[in-house]
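Chemist: structure, please.
(one chain, ligands or ions: 2)
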Amino acid sequence: MSLNGKVALVTGGAQGIGRAVVQSLLQSSAKVVMVDLNKALGEECKAQLDAEFGEGNCTFIECDVANGDALRDAFQSTVGQFGRLDIVINNAGITNEKDWEKTIQVNLTSVIKGTYLALEHMSKEYGKQGGTIINVSSMAAFLHSPHQPVYTATKHGVIGFTRAMADAAIQGDYGVRINALCPAFVDTPLLQSVEDEDNMGKFVKFKDDFKRSMTKFGVLQPSLIAEGMMRLITDTSLHGAVMKITCSKGIHFHTYEPMSA
Ligand SMILES: NC(=O)C1=CN([C@@H]2O[C@H](COP(=O)(O)OP(=O)(O)OC[C@H]3O[C@@H](n4cnc5c(N)ncnc54)[C@H](O)[C@@H]3O)[C@@H](O)[C@H]2O)C=CC1
Ligand SMILES: CC/C=C\C[C@H](O)/C=C/C=C\C=C\C=C\C(=O)[C@@H](O)C/C=C\CCC(=O)O
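Modeler: Ligands and ions are numbered 1, 2, ... in the order given. So this is what the prediction gives:
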């Protein structure tokens, strides 16, 4: 499906999963803004993508998503440059059990802020044309590990927030679809940080248990996650969905039991 004329903003777009979905979006003829903390990575990524897709199709904005004003400016710059915003992927995330407040700030608070900023630029409640938002959670929300308790909490929070906002979008007639995506282990630099005491603090001693899970459940490639994201973007029937991507079941969806009285 062509996304010609559509504009996407991807946080954490310079590496890993975000880089993979940026590539897929450009392959589908969307314009893409990569928002990332890492200036060197972002500029290198933009140069590569300009060479592959031609200049003028992607932009890199250096921004710490934990800085609300900077994130707001990134959204404004996106609309200023491309004239509209249709797709927002709140993907940036870290795992740091030492600086766990930072983990909450990046993985949850910034996803909430990014969702609200996206609605300011896409929702009919603001007189805009509609759009779609993907918030990135993790299978850690279904299979917790003692290795990363706060990371696990943030990913649970992303799902709860996303499902609640999807209901708000329906009741408020926002015209915006909002979905969550929960990858299992994915072969990116983030996954390598499982070894780092600087990241994992006292919980690093549980890393072998985590690595056994990786061996048991397998490790995915970022390209499959990008495929899942493209499905959430293009399948207009999906709203309030919790997509799970695992080695055993591939791309599938979590089903919630209806609440009984
Ligand atoms: N790699 C994995 O096994 C899994 C990752 N995820 C989630 O997928 C998302 C992407 O993760 P990966 O691609 O694996 O990570 P990664 O570390 O490979 O890439 C993350 C990107 O986000 C950027 N970033 C980090 N903090 C930022 C900040 N404060 N502001 C702006 N940019 C920032 C980094 O510079 C990097 O380019 C995260 O939310 C992560 O929790 C979910 C399940 C599995
Ligand atoms: C330092 C590592 C950082 C992030 C890695 C990632 O975010 C953490 C993932 C944690 C758990 C992954 C679990 C994977 C599970 C599977 O692959 C499933 O096949 C296991 C089977 C059932 C899960 C329960 C369910 O599907 O509801």
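Chemist: please state the offset of stretch 105-115 from the chain centre?
Modeler: How far stretch 105-115 lies from its chain's middle: 10 Å, per Cα atoms, centre = their mean, to the nearest Å.
Chemist: can you check stretch 235-253 too?
Modeler: Put simply, stretch 235-253 sits 14 Å off its chain's centre (Cα atoms, centre = their mean).
Chemist: model confidence over stretch 234-251, on average?
Modeler: Per-residue pLDDT values across stretch 234-251 average out to 98.
Chemist: quick one: it near ligand 1?
Modeler: No. Judged by Cβ under 6 Å from any ligand atom, stretch 234-251 stays clear of ligand 1, getting no closer than 8.5 Å. C-beta: built from backbone N, CA, C; applies to glycine.
Chemist: quick check: end-to-end length of that stretch?
Modeler: 15 Å (Cα to Cα, to the nearest Å).
Chemist: and stretch 191-201, by the same measure?
Modeler: Using Cα to Cα, the end-to-end distance of stretch 191-201 comes to 15 Å.
Chemist: check whether that stretch comes near ligand 1.
Modeler: Yes. Under the criterion of Cβ under 6 Å from any ligand atom, ligand 1 is reached by stretch 191-201 at residue 191.
Chemist: list the contacts of that stretch.
Modeler: Stretch 191-201 has contacts (Cβ atoms under 8 Å, 6 or more residues apart in numbering) with 95-98, 147-148, 185, 204, 207, 210-211, 214, 219.
Chemist: what parts of the stretch 101-250 of the chain come near ligand 1?
Modeler: 106, 136, 138, 183, 185-186, 188-191.
Chemist: closest to residue 257 out of these?
Modeler: Within these, the smallest distance to residue 257 is 21.5 Å, found for residue 138 (Cβ to Cβ).
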